Structure formats: structure tokens, C-alpha cells
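Peer 1: 3D model of this:
(one chain, ligands or ions: 1)
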Amino acid sequence: MDPVRFDYGNLLAPRTSGGMDPARLEGDLAERFRVAHTAVEAQREAGVLGFLELPYGEETVDRVVELADGFAQWFEDVVVLGIGGSGLGATALGQALLGPFWNLRSAEEREHFPRLHVVDNPDPYTFAALLERLDPTRTMFNVVSKSGATAETMAQYLVARGWIESAVEPDKARGHFLFTTDPTSGALRQIGEPEDIPMLPVPPNVGGRFSVLSPVGLLPAAVCGVDPRALLAGAAAMDDRCRSDVLSENPAGVLAALLHAADTESGRGIHVMMPYADRLRAVGLWFQQLWAESLGKAVDLEGRTCHVGPTPLAALGATDQHSLLQLLMEGPHDKVVLFLGVEDVGVDVPIPERYPGIPALAYLGGHSLGHLLDVERSATAEALRREGRPNATFLLPRVDEGALGQLFMLLQIATVYAGALYGVDPLDQPGVELGKRLTYGLLGREGSERPDLEEPDASWVV
Ligand code: PA5
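Peer 2: A predicted model of the protein is given here:
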């Protein structure tokens, strides 16, 4: 398998004036990383980091393939209902591996695999518009919620269930649903078991944002023809590369150590993920959630107040060269840019040679759109370097299952290393609980008190 490469030269000084002294990669950073690596390996041994076990779960992948094959034969549209870590993985995989305009292609062009819709937000305008366009008799819903308690997803399920039941015979409705949830508990299991709805497990030791390589991401991808085993093989290859406690040999370690130091020592706490490929745009969004929810914490592992965490930001090249780049080049020295490049794009579009007398167009002729995009990525990285702005590049050999599996695993492992370096638990998210409790109270959930909200003060409203 061709490896995903991580070029971090532009994170180092003096090559980039705002970068890190490379000697530290053999010195204190290497030592700091060794400690973090030991802590993460101990957690692996203790079975806490379930995402590291996913590449080797053959039984689960067999079940995913079996269910995916069955559903793909029966349905034209697959709707994934899931939010946060339960939706972003499927979005990222679908966008990367199904290619553009999948849902607009004919059944023949899709080789009769279904269309894929991932609906995370319970925005009534979107949901109503989607249902209006679907045929309930040919639509299945993959309801994804590890807890089985997420208000957005459960509300969508209730609407979808009613919509299916209004169109098919009562005993057929259950056949339009597949639940991906905790293996033993939660409302989805409570509903699914007596009705014999097929269910796939999210292992208890796999949190939502670490679940892309579990049935959460694998089922929606597999039902549309993606090879889940190739994804897992890519992830296993990266896991293998990240077993080393020698910093310079471990790509996830280098990423975590340099980004943590950039944040805590140089005030560069905004980490911009900027793919130069439309197909990888949602990988930036997936990373944004992973990095933010895992590392933004108020309390450290010793129980002390800390309020730490980098701020990830998803961007897209070359589009955001015309939006964010001015800020990245000349704004505060508080950012690190992570580019995603693709070596073999697979398709290219030649640019015809026309208008030799017009310099603004003449130089483009004879090149290709792929070359233009790639040159823009290199030029932007170099421009940032010259301005002393640290940046780094992940190079994917191509956008396929193997490369995506490697990339997801690299970023997840880097996140748990970063958790150890910041001294926080990357697996919890206590900060989102208060908002959920207030929502439950406002909607009258049993056992929840109605909260007193601060009334808007008219004198502060313009
Ligand atoms: O990463 C996480 O843990 C969260 O983003 C969850 O995935 C999200 O809140 C959805 O939770 P659930 O799968 O329980 O519906």
C-alpha cells in the first residue's frame, strides 16, 4: 500500500522563521512524546482506546458487508440520521470515495448502488425537502446514535418512522430501518430488539468522533459500494507506523508534538486544515470536530482547572485563498496551516491553449486544472513559509480507501497523543452536557426540570 506522507519541513526553523528548532525533535520534544506514547500504549493495553482495535474486527466488517449488500439490493436511497461523530464520518467517506454528484448520477452510473444522504441538523426546511424528493417504498434509514438519546437524531427517527409507516404496510416499516448503536443499552436498542430491526454495534470503548472506522462510517460507505476492508487495511498500516515511540518515526507523534508546542509555546493555537481537493473538504470538518471536542477542556487529568485546547478551522484550497489566506499570511501569528494534497488525482482536465496575445490567459494553456490546483497548494505553502508562518502537508497517494483509512487513523492517534500532551482526557465531552440538559428541560423530558432562562433585556436588543 502506498503510504500517506507527512511533510513537516515548513514547521521547522530556520526554514520557516516562526517554526520549531529541529534539534528539539531529538531532544525535549522526543522525550515528552515518549511519555505521551507510553501513556497511550497503556490505554491501548487497558482496552480504553477502542478505535485502535477497529481495523482488526473481522466479524464486525463481515456483518457490515452482509447487511450493506442486502440493503443495497432493496433500496434506492439511504438516509443516515446521525450528528457529530455519528454523522461526520459518513459524510467525509461518502464525499471522498463516492465522488462528486453521486446522488445526481443515474442508477447505471452508480452501478445500482443507492444514493446517500447524511442528515445531521434537524433543520425542518432541509428534512422536509429531502422527504419530498424520496420514495418511501425505496428508502432506508440508517439511524446512528451511540447513546440512543440524542435529541436531533431521535426526533428525525420519529419523523422518518411516521413517514415510512404512512406509505408502507405496518409490518413492512421495520424493514426500512437499520440502527447503529450501543451493543447493550439505549433507546434504539430498546426499540430495535423487540421489533427485530437489524442493528450494528458501536463498541462501548469507541466514542462518536473516533467511530468513522466502526459500523458508524463503514455501513453507509459499504452500502454505496465502498470496500470497508480496504479502509481498515489502510488504518491498520498507519496503526503499525504509529507503534514507534521514536518521535521522528511516528507521523501522528510528529503532528501532535509540533501542534501542541506551537499552541502552548508560541501562541499558535489555531490549526487550519486545508485540503486542496473538493472530495476531501469534509475531512476538514471531521478533523475540526475531532480536534475541538477532544482537546478543548476545562479540567485536566489531575482534576485541576486548565481551560486548554487548540482551535481547529476547516478550510478548502484553492477556494479559501480568496477568503482566509489574507488573514493567514498577514494576521496574528497564531495559526498553523495543515494542507492536504493528492499525488494522483485520477482525472485531469487539460486547459486549452487560446488567446496567445492575452497574458492573463496565455500562460494557463497547455497546463491542466489538476496541475493548477497542485501548484497553488505548493505556492501557498511557500508563501506562508516566506512570511514565517508554519505549515505542513499531508500527501495522499490518491483518494481511495487505503489512503483514507491511513489518514483517519493518523489523525485519531495524533489526537490521543495530543490529549496526553495537554494532560486532558480526549475521550470525554463534559462541556456539551449543560446545553443538552437545558434543551431537555425546555422540551419537557421526563426527569428534567424546566430551566429559568435569562429573559432578553430589551435595552440590549437593537
Ligand atoms: O464525538 C462525540 O462523542 C459526539 O459528537 C457524538 O458523536 C454526538 O454527540 C452524537 O452522539 P450519539 O452518537 O450518542 O447520538
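Peer 1: The strand or helix carrying residue 61 packs against which elements?
Peer 2: Residue 61 is part of helix 58-74, with elements assigned from DSSP states H and E. Identification of packing neighbours for helix 58-74 by 3 or more C-beta pairs under 8 Å, 6 or more residues apart in numbering; DSSP states H and E yields strand 199-201, helix 215-223, helix 228-241. For the C-beta atoms, the positions are set from N, CA and C on the backbone; glycine is no exception.
Peer 1: average model confidence for the last one?
Peer 2: Averaging the model's pLDDT scores along helix 228-241 yields 98.
Peer 1: Ok, stretch 422-430 next?
Peer 2: 96.
Peer 1: Give the buried residues for that stretch.
Peer 2: By 16 or more other C-beta atoms under 10 Å, the buried positions in stretch 422-430 come out as 422, 423, 424, 425, 426, 427, 429.
Peer 1: hang on, the earlier thing: show me the one of the helices and strands packed on helix 58-74 that comes nearest residue 79.
Peer 2: For residue 79, the closest of those is helix 215-223, at 9.5 Å, according to C-beta to C-beta.
Peer 1: Can you name the residues in contact with that closest one?
Peer 2: When contacts are taken as C-beta atoms under 8 Å, 6 or more residues apart in numbering, the neighbours of helix 215-223 outside the stretch itself are 60-61, 63-65, 67-68, 71-72, 78, 80, 82, 85-86, 89-90, 92-94, 97, 113-114, 116, 118, 142, 144, 146, 178, 180, 200-202, 208, 211, 228, 231.
Peer 1: Select the longest helix from the protein.
Peer 2: Identified as the longest helix of the chain according to DSSP state H is helix 401-422.
Peer 1: Out of the buried residues of stretch 422-430, list just those in strands.
Peer 2: Per DSSP state E, strands hold no members of those.
Peer 1: in the stretch 51-200 of the chain, what residue is nearest the ligand?
Peer 2: Of all residues in the stretch 51-200 of the chain, the one sitting closest to the ligand is residue 84 (2.4 Å; C-beta to the nearest ligand atom).
Peer 1: So is the helix or strand bottoming out on mean pLDDT in the chain next to the ligand?
Peer 2: Within the chain, judged by mean pLDDT, DSSP states H and E, the helix or strand with the poorest mean is helix 433-443; its value is a mean of 90. No. Residues of helix 433-443 contacting the ligand under C-beta under 6 Å from any ligand atom: none, with a closest distance of 8.6 Å.
Peer 1: Can I get that helix as CSV, trimmed to CA atoms?
Peer 2: Provided in CSV are the C-alpha atoms of helix 433-443 (Å, rounded to 0.1, in the frame of the first residue of the first chain):
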residue,chain,number,x,y,z
GLU,A,433,-23.9,18.3,28.7
LEU,A,434,-25.3,21.6,30.1
GLY,A,435,-26.8,22.7,26.8
LYS,A,436,-28.4,19.2,26.4
ARG,A,437,-29.9,19.3,29.9
LEU,A,438,-31.4,22.8,29.2
THR,A,439,-32.8,21.5,26.0
TYR,A,440,-34.4,18.5,27.7
GLY,A,441,-35.9,20.8,30.3
LEU,A,442,-37.3,23.2,27.8
LEU,A,443,-38.9,20.3,25.8
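Peer 1: what about whichever residue of the stretch 351-462 of the chain sits closest to the ligand, distance to residue 215?
Peer 2: Sorted by distance to the ligand under C-beta to the nearest ligand atom, the residues of the stretch 351-462 of the chain start with residue 429, at 5.7 Å. Going from residue 429 to residue 215 by C-beta to C-beta, to the nearest Å gives 21 Å.
Peer 1: Repeat that for residue 104.
Peer 2: Noted for residue 104: a distance of 27 Å to residue 215, by C-beta to C-beta.
Peer 1: quick one: which of the two has more around it?
Peer 2: Comparing residue 104 with residue 215 by other C-beta atoms under 10 Å, the one with more neighbours is residue 215, at 29 against 9.
Peer 1: Once you drop chain neighbours, what's closest to the more buried one?
Peer 2: Residue nearest to residue 215 in three dimensions, not counting chain neighbours: residue 200, with 3.7 Å by C-beta to C-beta, 6 or more residues apart in numbering.
Peer 1: How about residue 114?
Peer 2: residue 78 (4.7 Å).
Peer 1: near the ligand, which residues of the stretch 51-200 of the chain show up?
Peer 2: Proximity of the stretch 51-200 of the chain to the ligand is assessed by C-beta under 6 Å from any ligand atom, with 83, 84, 85, 86, 145, 146, 147, 150, 153 identified as the residues in range.
Peer 1: Reformat these as TSV; add pLDDT, neighbour count and secondary structure.
Peer 2: As requested, these are arranged in TSV below (pLDDT from 0 to 100; neighbours: other C-beta atoms under 10 Å; DSSP: H, G, I helix; E, B strand; the rest coil):
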residue	pLDDT	neighbour count	secondary structure
83	98	20	coil
84	97	21	helix
85	97	25	helix
86	98	28	helix
145	98	28	coil
146	97	27	coil
147	95	16	coil
150	95	22	coil
153	98	25	helix
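Peer 1: Leaving out chain neighbours, which residue sits closest to residue 429?
Peer 2: According to C-beta to C-beta, 6+ apart, the nearest residue to residue 429 is residue 293 (5.1 Å).
Peer 1: where along the protein do the strands fall?
Peer 2: Taking DSSP E as the test, the strands found in the chain are 5-7, 77-81, 115-119, 139-144, 177-181, 199-201, 270-275, 297-299, 305-308, 311-314, 335-342, 391-396.
Peer 1: My guess is residue 72 contacts residue 224. True?
Peer 2: Yes. Proximity of residue 72 to residue 224 meets the contact threshold set by C-beta atoms under 8 Å, at 7.5 Å.
Peer 1: Identify the contacts common to those two.
Peer 2: 113, 114.
Peer 1: Look at those two and report which has more neighbours.
Peer 2: For the pair residue 72 and residue 224, the greater number of neighbours falls to residue 224 (23 against 19), based on other C-beta under 10 Å.
Peer 1: Kindly provide the distance from the more buried one to residue 57.
Peer 2: Distance, residue 224 to residue 57, by C-beta to C-beta: 21 Å.
Peer 1: that older thread, partners of the residue nearest to residue 114 in the sheet?
Peer 2: On the basis of DSSP bridges, residue 78 takes part in beta bridges with residue 116, residue 140.
Peer 1: Check what pLDDT it gets.
Peer 2: Per-residue confidence for residue 78 comes out at a pLDDT of 98.
Peer 1: middle-most residue in the chain, spatially?
Peer 2: A centroid search over the chain (C-alpha atoms, centre = their mean) returns residue 286, at 2.1 Å, as the residue closest to the centre.
Peer 1: from the stretch 151-300 of the chain, which residue is nearest to the ligand?
Peer 2: At 2.0 Å from the ligand, residue 208 is the closest residue in the stretch 151-300 of the chain, using C-beta to the nearest ligand atom.
Peer 1: Quick check: that residue touching residue 51?
Peer 2: No. The pair residue 208 and residue 51 does not pass the contact test of C-beta under 8 Å, sitting 10.6 Å apart.
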